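**Q** Need coordinates for the following:
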Amino acid sequence: MMKNNLIPAADIERLDTWARYNKDMCYSCHSTCCTLPVEVRLSDLIRIGVVDAFEKDEPAKNIAKRLQKEGIVERFNQKSGIFTLTRLSNNDCLYLDRKTRLCTIYDQRPDTCRNHPRVGPRPGYCAYKPKA
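**A** Now for the predicted structure:
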């Protein structure tokens, strides 16, 4: 009897389809986590290099307005102080390279990305989809 070697792909909207995470998955994944909304704080935006450290005392809503005009931030929640990075029309993070499916700001990536999948919609699991 032949063993089924198909690797199931997660449905990003259905957390019950997500796979228990292990670090080796990232090398063969289609970077599905990079299609989730990325929530960031001002410190992340400074690390990324889109906000200068001297701007940190400026009202966050003014920073958000500028970054929205520049296409870097999609939303800003004034109450929580959380910005949401812009996603492309296919839901990719704007910092995900379309060809390599690798992060273009990996060393400066936001804490949300650094901590995934320890935190997120289903801690310890990821929406693994194998590369085509």
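**Q** I figured residue 12 hits residue 35, correct?
**A** Yes. Residue 12 is in contact with residue 35 according to CB atoms under 8 Å; the separation is 6.6 Å. C-beta coordinates here come from the backbone N, C-alpha and C atoms, glycine included.
**Q** what about the closest residue to residue 61 other than its chain neighbours, how many neighbours?
**A** Nearest non-adjacent residue to residue 61, counting by CB to CB, 6 or more residues apart in numbering: residue 78, 5.7 Å away. Burial of residue 78, expressed as a neighbour count using other CB atoms under 10 Å, amounts to 10.
**Q** check contacts around residue 78.
**A** Residue 78 is in contact with 60, 61, 64, counting by CB atoms under 8 Å, 6 or more residues apart in numbering.
**Q** Can you name the helix or strand that the last one falls in?
**A** Here residue 64, judged by DSSP states H and E, is contained in helix 60-69.
**Q** How far away from the center of its chain is that helix?
**A** Its chain's C-alpha centre lies 20 Å from the corresponding centre of helix 60-69 when counted by CA atoms, centre = their mean, to the nearest Å.
**Q** now what about that helix, what contacts it?
**A** Applying CB under 8 Å, 6+ apart, the set of residues contacting helix 60-69 from outside is 42, 45, 50, 51, 55, 73, 74, 76, 78, 81, 83.
**Q** pLDDT averaged over that helix - what is it?
**A** Predicted confidence along helix 60-69 averages 97 (mean pLDDT).
**Q** now swap in stretch 99-114 and tell me
**A** pLDDT averaged over stretch 99-114 equals 96, rounded to a whole number.
**Q** and it, which residues are buried?
**A** Buried residues in stretch 99-114, counted by 16 or more other CB atoms under 10 Å: 103, 105, 109, 110, 112, 113.
**Q** Show me the shaky parts of the chain.
**A** Across the chain, the ranges flagged by pLDDT under 70 are 1-7.
**Q** Could you pull out the helices in this protein for me?
**A** Per DSSP state H, the chain has helices spanning 42-48, 60-69, 111-114. These are given in chain order.
**Q** May I see the ones you listed arranged in a markdown table, with distance to residue 17 as well?
**A** Compiled in a markdown table, the helices of the chain are given as follows (distance: least, CB to CB, whole Å):
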| stretch | distance to residue 17 |
| --- | --- |
| helix 42-48 | 29 |
| helix 60-69 | 33 |
| helix 111-114 | 21 |
